[in-house]
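>>> predicted coordinates and the sequence they were generated for:
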Amino acid sequence: MINPNLETITLNKEEIERYSRHIILPEVGLEGQKKLKAASVICVGTGGLGSPLLLYLAAAGIGNIGIVDFDIVESSNLQRQIIHGASWVGKLKIESAKNRILEINPTCQVDLYKNRLSSENAIQILKPYDVVVDGTDNFPTRYLTNDACFLLNKPNIYGSIFRFEGQTTVFNYQGGPNYRDLFPEPPPPGMVPSCAEGGVLGVLPGIIGTIQATETIKVILGSNNTLSGRLLLYNAWDMTFKELKLRSNPNRPVINQLIDYEEFCNVSNVSTFKNKDNSTMISEIAVQELKKLIDSNSESFVLIDVRNVNERQIAHISGSVLVPLASIEDGTGIPQIRSLIENKRLIVHCKMGGRSIKALEILEKFGIVGTNLKGGINAWSQQIDVSIPQY
């Protein structure tokens, strides 16, 4: 429970009028609004989850908000990241977010951290704040945020989204469970696609992010009725909410220091990849090399696109053949690939490279060896053909 010193916190006439709908709630009252003003909250990430979260925390009267993000606003963000506007495309997300927060609440102190949260800086960045909110979209940063909160004994308001589904809970609150009780170990690389690969309904993070904001406010007010010990599951397509009980796992990994979370989650940046059995390597080709092959009108290779039909409608590399990953996974696409690669070199691509590696791992089990296009169609669009839309 957060216990700020409220003796020095006052609300002027304008603030009392502004927050009157809060103050008349018995669960909040004047003292509760003072707690909100005295509180400091830091949000890791300013994307789909961070956008509604930060807007509502600012509107609620949180006195000090920190934001950690090193990314810039892209046009593809605007479908769901409602804190950013079109005029901010190409600029830092943290600056865009601060500008919007101060429009809502000019008295809010906004601290910006143009950093990638890491094991080296996490303790220093998160320590000054009362509550940490996880608005990230990758496993290394989720484990890092969780472990830092555990070591600092700070509540961690968690949320995640994918396609039409979202989940949220409160970790490390009043002795409750933390992220490692839910996921002791990360999934294998490529097992869980990112939103960039699998898509996300634009309004979904609005729901989950708003719930995170709600839980943040409740934690600051000292509520004993938070989502701690409960994982809330939401399906936007079915419009259903479900709840799972969470308990501390006595056999969970011991958290006594921050580690290398990229290594822990098996995130690799090298240009060749071991298969799951570590027996073979998957080679890669750069987009520049592929461009030379295409320009030479060579018929020595075939380029397979393993994305889904909807993605191909957005953008595709001329001459590529669509064989979705799902058809490779269930085996129905294997005969088609065999017929296409007869006496030819196989090159496989997806959006960024993850799914194509997975496809090649599966194909090797059928005796089909191929090469991965490094960076996928995103790299092709950035470095070869800028007329191809990025998504």
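Now that the structure is in, tell me what you want to look at.

>>> kindly format the C-alpha coordinates of the helix or strand that contains residue 216 as PDB.
Taking DSSP states H and E as the criterion, residue 216 maps to helix 204-221. Output in PDB follows, covering the C-alpha atoms of helix 204-221 (Å, rounded to 0.1, in the frame of the first residue of the first chain):
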ATOM      1  CA  LEU A 204      -8.600  -3.600 -27.900                       C
ATOM      2  CA  PRO A 205      -5.600  -1.800 -26.300                       C
ATOM      3  CA  GLY A 206      -8.100   1.000 -25.400                       C
ATOM      4  CA  ILE A 207     -10.000  -1.500 -23.200                       C
ATOM      5  CA  ILE A 208      -7.000  -3.200 -21.600                       C
ATOM      6  CA  GLY A 209      -5.000   0.100 -21.200                       C
ATOM      7  CA  THR A 210      -8.000   1.700 -19.500                       C
ATOM      8  CA  ILE A 211      -8.300  -1.300 -17.100                       C
ATOM      9  CA  GLN A 212      -4.600  -0.800 -16.300                       C
ATOM     10  CA  ALA A 213      -5.300   2.800 -15.500                       C
ATOM     11  CA  THR A 214      -8.200   1.800 -13.300                       C
ATOM     12  CA  GLU A 215      -6.000  -0.600 -11.400                       C
ATOM     13  CA  THR A 216      -3.300   2.000 -11.000                       C
ATOM     14  CA  ILE A 217      -5.700   4.400  -9.500                       C
ATOM     15  CA  LYS A 218      -7.000   1.700  -7.100                       C
ATOM     16  CA  VAL A 219      -3.500   0.800  -6.000                       C
ATOM     17  CA  ILE A 220      -2.700   4.400  -5.300                       C
ATOM     18  CA  LEU A 221      -5.900   4.800  -3.300                       C
END
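
>>> what's the offset of it from the middle of its chain?
Relative to its parent chain, helix 204-221 has a centroid offset of 16 Å by Cα atoms, centre = their mean, to the nearest Å.

>>> next: stretch 334-344.
Counting by Cα atoms, centre = their mean, stretch 334-344 comes out at 36 Å from the chain centroid.

>>> what's the spacing between residue 87 and residue 78?
According to Cβ to Cβ, to the nearest Å, residue 87 stands 11 Å off from residue 78. Just so you know, the C-beta spots here come from the backbone N, C-alpha and C atoms, and that holds for glycine as well.

>>> again but with residue 306, I slipped
With Cβ to Cβ as the criterion, residue 306 and residue 78 are 27 Å apart.

>>> out of the two, which sits in the more crowded spot?
residue 306 (29 against 15; other Cβ atoms under 10 Å).

>>> and the more buried one, how close does it get to residue 188?
18 Å.

>>> could you do residue 140 as well?
Distance from residue 140 to residue 188, by Cβ to Cβ: 14 Å.

>>> of the two, which one has the most company?
Each of residue 140 and residue 188 has its neighbours counted (other Cβ under 10 Å); residue 140 has more, 21 against 11.

>>> look up the closest residue to that one, ignoring the ones flanking it.
Leaving aside its chain neighbours, residue 140 sits nearest to residue 261 (3.9 Å; criterion: Cβ to Cβ, 6 or more residues apart in numbering).

>>> and if you look at residue 76?
residue 391 (5.5 Å).

>>> what packs against the host helix or strand of residue 356?
In the assignment (DSSP H and E), residue 356 maps to helix 354-365. In this structure, helix 354-365 packs against strand 281-285, helix 325-329, strand 345-349, strand 371-373, with contacts taken as 3 or more Cβ pairs under 8 Å, 6 or more residues apart in numbering; DSSP states H and E.

>>> closest one to residue 317 among these?
Of all the helices and strands packed on helix 354-365, strand 345-349 sits nearest to residue 317, with 7.0 Å by Cβ to Cβ.

>>> in that closest one, what counts as buried?
For strand 345-349, the neighbour count (16 or more other Cβ atoms under 10 Å) marks 346, 347, 348, 349 as buried.

>>> report the angle between it and helix 354-365.
140 degrees (axes from the mean of the first three to the mean of the last three Cα atoms, to 10 degrees).

>>> centre of the chain to strand 345-349, how far?
Per Cα atoms, centre = their mean, the centroid offset for strand 345-349 relative to its chain is 29 Å.

>>> what residues are up against residue 363?
By Cβ atoms under 8 Å, 6 or more residues apart in numbering, the contact list for residue 363 reads 328, 334, 337, 346, 348, 369, 370.

>>> repeat that with 7 Å
328, 337, 370 (Cβ atoms under 7 Å, 6 or more residues apart in numbering).

>>> and what of residue 152?
Counted by Cβ under 7 Å, 6+ apart, residue 152 has contacts 123, 126, 127.

>>> pLDDT score assigned to it?
pLDDT, residue 152: 97.

>>> what ranges of this structure fall below the confidence cut-off?
1, 189-193, 267-280 (pLDDT under 70).

>>> switch to 50 and redo it
268-280 (pLDDT under 50).

>>> now do the strands in it.
40-44, 64-68, 109-113, 131-134, 156-162, 165-171, 230-235, 240-245, 273-274, 281-285, 301-305, 321-322, 345-349, 371-373 (DSSP state E).
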